[in-house]
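> predicted model, plus sequence, below.
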Amino acid sequence: MMHGRVVAAHGRQYIVETGDGTRLPCFPRGKKSEVACGDEVEFARSSADQGVIEKILPRRSLLYRSNEIRQKLIAANVDQLVVVVASEPAFSDDLVTRALIAAESEDIEVLIALNKCDLTDRLAEARRQTAIFTALGYRVLELSALHHADDLRPHLQGRTSVLVGQSGMGKSTLVNALIPEARAATREISQALDSGKHTTTHATLYHLDADSHLIDSPGLQEFGLGHLGRGEIEYAFREFRPYLGQCRFRDCRHDREPDCALRPAVESGTVDKSRFASYRRLVGLEPAP
Ligand SMILES: Nc1nc2c(ncn2[C@@H]2O[C@H](COP(=O)(O)OP(=O)(O)OP(=O)(O)O)[C@@H](O)[C@H]2O)c(=O)[nH]1
Ligand SMILES: [Zn+2]
C-alpha cells in the first residue's frame, strides 16, 4: 500500500500524488466516492497507469459544496478559506456568509480577498459590503489580481488554502498569476482523467512551495450548508454567540418567540440587521432571494 495526497478530483476520478511527486489516476474502492481534493489516502496500483484508493486518512477539515440535488465534497485538510470577491460585478453578501459559515463550522481560518481594487466605480460600495465582515473580525485584503497578485502570497505561506468565489470575481486570474504553470497543469490533469474530454476538474491542488498549497475549485457558486443544523448555523454567526442560550426557550429560532435575547440586539443595532436577515434566509425563516 502506498501513501499519497489527492491533488485533483473530478467526479469519481482522482489524481493521487506521492511524496516524491509521482502522480497516478485513481478510483475509489466501492460505489460511493467520498474522496475530496486534499485528502491523504492509502492507495494501491491496479495497473501500470491506474490505482485504487483503499483508505482515506483522518481529516483535519472538510468543506462541502452543493447544488439543488446533493452535497459534494470540495476540499479536505485545508487551514484557510480565501473568499474572492470583487469591486465589480457586485458580489452576494449571502454567498460570502455561506462560505464563512462553512469555514466556522470546520474551524478553518477565513481571508476575504477584495479583488479588482484598480476598478474604482463600485469600489466604495464593495468596501461598504466588506466592512461588515471586517467589523466581525474577519481579515479583508484588498487586491488587484491583474497588477499585484503577489500581495496574496504572504497570506498563503505555510498553509493549505482553498480559493472560492462567484463567477467573474477574478479567481482564475489570481490562480494563473500565482501559479504560472496552472493552465498547463489543468490541461495535463484533464487529459489524465478524461482522456482529452473538455471538462473542468472540480478541484485542483497546486504547490506554491514545499509547505504552501492552494486548492482551486472552479465554478463554486454555492456552499452547501445542508449538513449543518440550525444550531450550527446560528453559532457560525460569531456575533450571535453572546446571546445564544440566553433566550427563554432553549430551541428559540429568534423568530417570534417571547423573551428572545438576540432580537433586541438586532433592533438596537448591536447585531447588524443585514446579517440577521442572512441568518433568517439561511435557516428558512425567510425565502431565499
Ligand atoms: N481590472 C481588473 N480586472 C480583473 C482583475 N482580476 C480579474 N479581472 C478580470 O475580470 C474578468 C473575470 O476574471 P476571471 O479570472 O475569469 O474570473 P473567475 O472568477 O475565474 O470567473 P469564472 O472563470 O467565471 O469562474 C476577466 O476579464 C479578468 O481579466 C483585476 O484585479 N483587475
Ligand atoms: Zn431567541
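The structure has been received and is ready for your questions. Ligands and ions are numbered 1, 2, ... in the order given.
> drop to CA atoms for contacts and neighbour counts, all remaining ones
Noted.
> ok, and for the lowest-mean-pLDDT helix or strand in the chain, which residues are buried?
Within the chain, no helix or strand scores below helix 182-194, which has a mean of 74 by mean pLDDT, DSSP states H and E. Within helix 182-194, the residues scored as buried using 16 or more other CA atoms under 10 Å are A182, T186, R187, I189, S190, A192, L193.
> try stretch 259-279
Buried residues in stretch 259-279 (16+ other CA under 10 Å): C260, A261, L262, R263, V266, V271, D272, R275, F276, S278, Y279.
> which strand or helix spans the fourth one?
Right, R263. Applying DSSP states H and E as the criterion places R263 in helix 262-267.
> show me the strands in the chain, by range?
Using DSSP state E, the strands found in the chain span residues 2-10, 13-18, 23-28, 40-47, 50-56, 62-66, 71-76, 80-86, 109-115, 139-142, 160-165, 203-209, 212-216.
> out of these, name the one with the poorest average pLDDT.
For those, mean pLDDT drops lowest on strand 62-66, to a mean of 80.
> between it and strand 160-165, how big is the angle?
20 degrees (axes from the mean of the first three to the mean of the last three CA atoms, to 10 degrees).
> which elements pack onto strand 62-66?
strand 71-76, helix 93-105 (3 or more CA pairs under 8 Å, 6 or more residues apart in numbering; DSSP states H and E).
> wait, which of the ones you listed is closest to ligand 2?
Closest to ligand 2 of those is helix 93-105 (CA to the ion; 19.1 Å).
> so what touches that closest one?
Here helix 93-105 makes contact (CA atoms under 8 Å, 6 or more residues apart in numbering) with 63-64, 81, 83, 109-110, 129, 221-225, 232-233, 236-237, 278.
> hmm, back to that, quick one: which of the buried residues of helix 182-194 is nearest S172?
For the buried residues of helix 182-194, the closest approach to S172 (CA to CA) belongs to A182, at 9.4 Å.
> just to check, that closest one is in contact with N176?
Yes. Here A182 reaches N176: they are 5.8 Å apart, a contact under CA atoms under 8 Å.
> picking up where we left off before, can you redo the strands of the chain as CSV with distance to ligand 2 and mean neighbour count?
Shown next, in CSV, are the strands of the chain (distance: least, CA to the ion, whole Å; neighbours: other CA atoms under 10 Å):
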stretch, distance to ligand 2, mean neighbour count
strand 2-10, 41, 23
strand 13-18, 45, 23
strand 23-28, 44, 21
strand 40-47, 41, 17
strand 50-56, 40, 20
strand 62-66, 28, 20
strand 71-76, 29, 22
strand 80-86, 30, 25
strand 109-115, 27, 22
strand 139-142, 28, 18
strand 160-165, 32, 25
strand 203-209, 39, 20
strand 212-216, 38, 23
